[in-house]
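> Structure of the sequence below:
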Amino acid sequence: MEIQKVKQSKAPFMTMDEACKYLGLSKATLYGYTHKKLIPYYKIQNRKIYFKIEDLNNFVMNVHNKCKSQFEIKQEADEDYLTKRQAGRK
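The predicted structure is shown next:
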């Protein structure tokens, strides 16, 4: 799978098209995220939508978007089991 490159400009903002390419999302999906206020955006004169690159990166790295690995799931289950077991001994 080839990652599409977005031209890097010195401006800290991306247009809708650039943000879609950067995130690998369709316009409909990205519009949906803006409509639901799930991703920060800026609107100039009530027309064009722009995104700060930093906000896009933060959106992707959000802890709620992370899928845990099998190791992390097992580790949490083990910790939960030990906590419940210790609580039962008291």
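> Listing request: residues of the chain with sub-threshold pLDDT.
Along the chain, the model assigns pLDDT under 70 to residues 1-10, 90.
> Could you pull up the residues touching Phe51?
By Cβ atoms under 8 Å, 6 or more residues apart in numbering, the residues touching Phe51 are Phe13, Met14, Met16, Ala19, Ile39, Pro40, Tyr41, Tyr42. (C-beta placed from N, C-alpha, C; glycine too.)
> Dig out what it forms beta bridges with.
Assessed by DSSP bridges, Phe51 has beta-bridge partners Met14.
> that older thread, out of the contacts of Phe51, which is most surrounded?
For the contacts of Phe51, the largest number of neighbours (other Cβ atoms under 10 Å) sits with Ala19, at 26 neighbours.
> Name the secondary structure element that contains it.
helix 16-23 (DSSP states H and E).
> Please name every helix or strand in contact with that helix.
The contact analysis (3 or more Cβ pairs under 8 Å, 6 or more residues apart in numbering; DSSP states H and E) places helix 16-23 against helix 27-35, strand 48-52, helix 53-60.
> How far off centre is the last one?
When C-alpha coordinates are averaged (Cα atoms, centre = their mean, to the nearest Å), helix 53-60 and its chain have centres 7 Å apart.
> Report the contact partners of the residue nearest to Asp17 when sequence neighbours are not counted.
Distance criterion Cβ to Cβ, 6 or more residues apart in numbering; nearest residue to Asp17, sequence neighbours excluded, is Lys27 at 7.7 Å. For Lys27, the contact set (Cβ under 8 Å, 6+ apart) comprises Met16, Asp17, Cys20.
> That concludes my questions; thank you for your assistance.
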